[in-house]
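Novice: Here is my input, please return the structure:
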Amino acid sequence: MIDPIEAAIAAATSGLEAHSTRMRVISENLANAESTAATPGANPYTRKLVTFEDEMDQASGADLVKVAAIGYDRSPYRVEYDPGNPAADANGFVKLPNVNLISEMADMREANRSYSANIQVVKQARELFTMTVDLMRNN
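Specialist: Here you go, the predicted model:
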């Protein structure tokens, strides 16, 4: 088992990686929120979701977070009447992505806060390392 401070850094680093992936997926969802299918009646962009899992690192004894999967949201697509749109079906309806901008922004804000909290853990751990080295030098 490694030092508890190193274990804390390992846990925080895994959180940084996981939430970085989460923010990338949210950004993809936001970028494609208004995209339509290439052909009439086809399905548009489908919202992606990130699933996390807990993983024990045997070497450090740290409890880490990992991205288990990037899946697709099964909620229904939005449908709007827009007969002039090239993606409209025979009845003039266009399927739009199942991306809710408000939900995505809330998810991004939460991911950002989690990312920032993990950065603070790493900063604190580095400070503890520095303090420990300074104590050892002075003795």
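
Novice: leaving aside the residues next to it on the chain, what's closest to residue 108?
Specialist: What sits nearest to residue 108 in space, not counting adjacent residues and going by CB to CB, 6 or more residues apart in numbering, is residue 26, at 4.8 Å. Every C-beta, even on glycine, is put in place using the N, C-alpha and C of the backbone.

Novice: and the one you found, how many neighbours does it have?
Specialist: If you count neighbours by other CB atoms under 10 Å, residue 26 ends up with 25.

Novice: Work out for me the element it sits within.
Specialist: helix 4-31 (DSSP states H and E).

Novice: swap in residue 66?
Specialist: strand 63-72.

Novice: Kindly export the helix or strand just after that strand (C-alpha atoms) in CSV.
Specialist: Next along the chain after strand 63-72, taking DSSP H and E as the criterion, comes strand 78-81. As requested, the backbone C-alpha atoms of strand 78-81 are provided in CSV (Å, rounded to 0.1, in the frame of the first residue of the first chain):
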residue,chain,number,x,y,z
ARG,A,78,-38.3,16.0,-30.1
VAL,A,79,-40.6,16.4,-33.1
GLU,A,80,-41.4,19.7,-34.8
TYR,A,81,-43.5,20.6,-37.8
